[in-house]
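Novice: sequence first, predicted coordinates after that:
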Amino acid sequence: MLKESIVRTIGLQKTYMLGKVPLQVLKGIDLEIHRGEYISIMGPSGSGKTTLFNMIGGLDKPTEGKVYIDEVDIAQLDAYELAWLRCRKIGYIFQTFNLIPVMTAMENITLPMIFGGLGNDEAMEKARDLLELVGLGERLHHKPFELSGGQQQRVAIARALANDPAIVLADEPTGNLDLKTGKEIIQLLKKMNREKQVSIITATHDLKMLDVSDRVIWIRDGLIERIEDRANLDIKIGEMDGEVV
Amino acid sequence: MPEKKGKIEKQLTLPLGHAFGMSIRSLKIRFGRSIITTMSITLGIAFLMSILANSAFTTAIIERGPEVLRIPLQEGLEEMKTRQIWLVSLSLLVCVVGIINAMLMSVAERSREIGTMKCLGALDKFVVELFLLESSLQGMVGSLIGVIIGVVFTIVVFIAKYKGVIFTIFPMAALLKYSLLGMVLGTLLAVIGALYPSYVSAKLEPAEAIRREI
């Protein structure tokens, strides 16, 4: 059965200018991610992982090649349409949680809904449900500094799901969390993937992520080294081929 | 994708009420920094007001005061005016420069926050709106305090100098007019000071949210 593609890249290249010197970070990436998949992008620092992530997330445009998000070529989008894309189609999760410090948990979650034009009451209702879903029902009115790292990340996950996106992009979601909390967050992400049928794409160093991923894309030096299906993954650490850090 | 033809309602909004709430809270949480900007306006406007109030009183004495006080005042008036305009303009310019600096720092510190908001769908103009709102709030509060300080100070000085006579010629209308001018000017200067920093904030990329401090 032909699976719908949610993200597609064709011959993706990205070159940055360091002053007058060009630095080619992505050297030609062909990639297809299907709806409902859980994908991990792994690779050493400097491999182009973050840049690829930015491309897929509509945060940057390619120098050459094409990126299609839900079959829309993002290079053709103007600033307004890109903002709409980020508001409605994509949810973001960051290593540093990135909650707005002056707003409570609930207000952080309703913010993208407000941008999307949802009414106040509806937004609060929805935010309440999302907080329940991530297990923070009683933390509605707490500000980020009153929450632990794991709790902040849960709020961030709820926020990412605020406008029912098709894709959730997670940049090192467990990077700032301890082992136990990291595992909880990964389980939560998997749960969201299953229950809400939202595609999850993570860029990560965390090998615990391999367990829950449908496919793992290994990046090295701006090119895809290999793509592994979960069935074929040998998940015992120590027997993993290819360094991650 | 949003319908392009005949867009009746915008698909991305930041309602003014929300923008207001966010601005006020941002100011409260960065109270120390806000105070500096506000005080900058306060001092400049207080200085302006003392000059203007002084002028109002002096004019009132010249026009309606007892003879014995008029002549000495009239002589010094013209020369005083030009010098004072120069002084006040300069001091207000210094204030604006201070505001630009403080707001640029604010934008730089909050680059991750701004990047995150853009990832959530904020348009560049939402961010500009937030910074201009913050700035105008600081301007309004600052100029209100500045007006009060400047006018009260001048009243006290003139009462000390001329005692009871002041109340016979009290230039209420002029003072109110100048107070209004002071408030408007103060707010305007704060907004002008925020223009360049707002432009910088509009130029920030959503990827700022992911940027690692190296």
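Specialist: Perfect, I can see it now. Since the structure is predicted, the reported quantities are computational estimates derived from the model, not experimental observations.
Novice: which SSE is the residue nearest the centre of chain A in?
Specialist: In chain A, the residue lying closest to the centroid (CA atoms, centre = their mean) is residue A:169, at 1.3 Å. Assessed by DSSP states H and E, residue A:169 sits inside strand A:167-171.
Novice: pLDDT of that strand, averaged?
Specialist: Along strand A:167-171, the predicted confidence averages to a pLDDT of 94.
Novice: what helices and strands are in contact with that strand?
Specialist: Strand A:167-171 makes packing contacts with helix A:49-56, strand A:90-93, helix A:149-160, helix A:179-196, strand A:199-204 when contacts are defined by 3 or more CB pairs under 8 Å, 6 or more residues apart in numbering or on different chains; DSSP states H and E. The way it works is simple: take the backbone N, C-alpha and C, and place the C-beta from them, glycine included.
Novice: determine the set of other helices and strands touching the lengthiest helix in chain B.
Specialist: Taking residue count as the measure and DSSP state H as the definition, the longest helix of chain B comes out as helix B:67-109. Helices and strands touching helix B:67-109, by 3+ CB pairs under 8 Å, 6+ apart, are helix B:31-64, helix B:124-162, helix B:172-203.
Novice: list the contacts of the nearest residue to residue A:144 once chain neighbours are set aside.
Specialist: Closest residue in space to residue A:144, ignoring its immediate chain neighbours: residue A:99 at 4.2 Å, by CB to CB, 6 or more residues apart in numbering or on different chains. The neighbours of residue A:99, taking CB atoms under 8 Å, 6 or more residues apart in numbering or on different chains as the test, are A:105, A:108, A:144, A:152, A:155-156, A:159.
Novice: what's the closest of those to residue B:128?
Specialist: Taking CB to CB as the measure, residue A:108 is the one of the contacts of residue A:99 closest to residue B:128, at 21.4 Å.
Novice: beyond the one helix or strand the closest one maps to, next helix or strand please.
Specialist: With secondary structure defined by DSSP H and E, residue A:108 is part of helix A:105-115. Read in the C-terminal direction, the helix or strand following helix A:105-115 is helix A:120-133, with elements assigned using DSSP H and E.
Novice: that following helix near chain B anywhere?
Specialist: No. Remark: helix A:120-133 sits outside contact range of chain B, by CB under 8 Å from any CB of the partner chain, the gap being at least 8.6 Å.
Novice: could you give the angle of that helix to helix A:105-115?
Specialist: With axes from the mean of the first three to the mean of the last three CA atoms, to 10 degrees defining the directions, helix A:120-133 sits at 130 degrees from helix A:105-115.
Novice: scan the helices and strands of chain B for the one with the lowest mean pLDDT.
Specialist: Averaged element by element with mean pLDDT, DSSP states H and E, chain B has its least confident helix or strand at helix B:165-168 (a mean of 77).
Novice: spell out which parts of chain A neighbour chain B.
Specialist: In this structure, chain A approaches chain B at residues A:50, A:53-54, A:59-60, A:72, A:79-81, A:83-84, A:86-88, A:92, A:94-96, A:98, A:100-103, A:111-112, A:114-117, A:159, A:163, A:171, judged by CB under 8 Å from any CB.
Novice: which residue is the nearest non-sequential neighbour of the closest residue to chain A within chain B?
Specialist: Nearest residue of chain B to chain A, counting by CB to the nearest CB: residue B:121, 2.4 Å away. Distance criterion CB to CB, 6+ apart; nearest residue to residue B:121, sequence neighbours excluded, is residue A:87 at 2.4 Å.
Novice: mind checking how far that neighbour is from residue A:160?
Specialist: Taking CB to CB, to the nearest Å as the measure, residue A:87 and residue A:160 are separated by 12 Å.
Novice: then residue B:108?
Specialist: According to CB to CB, residue B:108 and residue A:160 sit 26 Å apart.
Novice: looking at the two, which has the bigger crowd around it?
Specialist: For residue B:108 against residue A:160, the residue with the higher neighbour count under other CB atoms under 10 Å in any protein chain shown is residue A:160, and the figures read 28 against 13.
Novice: spit out the contact partners of the more buried one.
Specialist: Applying CB under 8 Å, 6+ apart, the residues near residue A:160 are A:91-93, A:168, A:170.
Novice: give me the low-pLDDT residue ranges for the chain?
Specialist: Picking chain A for this. In the predicted model of chain A, residues A:1-3, A:233-245 satisfy pLDDT under 70.
Novice: my bad, chain B
Specialist: Judged by pLDDT under 70, chain B has its weakly predicted residues at B:1-10, B:71-79, B:212-214.
Novice: what parts of it come near chain A?
Specialist: Residues of chain B found near chain A, taking CB under 8 Å from any CB as the criterion, are B:1-2, B:9-15, B:18, B:22, B:25-26, B:28-29, B:112-113, B:116-124, B:126, B:205-207, B:209-210.
Novice: out of those residues, which are buried?
Specialist: Buried residues within the residues of chain B next to chain A, defined by neighbour count using 16 or more other CB atoms under 10 Å in any protein chain shown: B:11-14, B:18, B:22, B:25-26, B:112-113, B:116-124, B:126, B:205-207, B:209-210.
Novice: looking at those residues, which are in helices?
Specialist: Judged by DSSP H, helices contain the following of those: B:18, B:22, B:25-26, B:112-113, B:116-119, B:124, B:126.
Novice: of the residues you listed, closest to residue B:182?
Specialist: residue B:26 (25.5 Å).
Novice: how about the closest residue to chain B within chain A, what does it touch?
Specialist: Sorted by distance to chain B under CB to the nearest CB, the residues of chain A start with residue A:87, at 2.4 Å. Contacts of residue A:87 were listed using CB under 8 Å, 6+ apart, and they are A:112, A:115-116, A:163, B:12, B:120-121.
Novice: any idea whether it is helix, strand or coil?
Specialist: helix (DSSP: H, G, I helix; E, B strand; the rest coil).
Novice: do the same with the one 10 residues further on
Specialist: Here residue A:97 is coil, with the state taken from three-state DSSP.
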